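[1] Sequence and computational prediction follow.
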Amino acid sequence: MAARKIMILGAIGVGKTSLANRLAFDRFETSYKATIGVDIYTTTAIPPDGATPMPLVLWDTDGDFGLSIFRTVYLKGASGALIVADVTRPASLDQMAALIAGFREALPGRPCAAVLNKSDLVAGGSGEPGSGPPPDVLAKARGADVVALASARTGHGVAGLFADLAATIARRSL
């Protein structure tokens, strides 16, 4: 199976690199240098339905791109996107909403996941089953195929959100 290109988009400091590192290497670093341009990781997602594992190429983008990312060649060939927000920073939720809309316009039919990272930092936001995103957050994530609470620090929800995105890509034969 050919590797699928997944864009990781979001504001500066929301944890895009931390999510990529958690999935690709199962580790969390407490200090990072800001991504300049794009960093690329390879990994494999295990679909939740037991289907064939899907190789992924993760394009971890610089948060400074903002909406200008849609005017670059970086999106060419993308099968889907993780659009990340920091649940402790409301402004990043607004940026997530704008990026979802921009991705939908730039790559219609390609799935995207709204990832609410750093869920371990908010009271009751562990990301445990049954503790879904609050309604105001869900409104910001409108238009995403998958909405997930995650914590790159603890690893909770990370593999599952990539697996759900991979399953959506497989269903759409992208």
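    Looks like it came in fine. Numbers count the residues shown, from 1 in each chain.
[2] Wait, Gly15 touches Ser119, no?
    No - with contacts defined as C-beta atoms under 8 Å, Gly15 does not count as touching Ser119, sitting 10.4 Å away. C-beta here means a position set from N, CA and C on the backbone, and glycine is covered the same way.
[3] Next, the buried residues of stretch 3-16.
    By 16 or more other C-beta atoms under 10 Å, the buried positions in stretch 3-16 come out as Arg4, Lys5, Ile6, Met7, Ile8, Leu9, Gly10, Ala11, Val14, Gly15, Lys16.
[4] between these, which is closest to Ala113?
    Using C-beta to C-beta, Ile6 is the member of these that lies nearest Ala113, at 9.0 Å.
[5] ok, now how distant is the closest one from Ser119?
    When distances are taken as C-beta to C-beta, to the nearest Å, Ile6 and Ser119 turn out to be 20 Å apart.
[6] Report pLDDT for Tyr32.
    The predicted structure scores Tyr32 at 70 on the pLDDT scale.
[7] Find the nearest non-adjacent residue to it, please.
    Ranked by C-beta to C-beta, 6 or more residues apart in numbering and with sequence neighbours excluded, the top spatial neighbour of Tyr32 is Thr17, at 5.4 Å.
[8] The helix or strand encompassing Ala81 pairs with which strands, and in what direction?
    Counting by DSSP states H and E, the secondary-structure element that holds Ala81 is strand 78-86. Applying DSSP bridges to the sheet, strand 78-86 is found paired with strand 4-10 (parallel), strand 112-117 (parallel).
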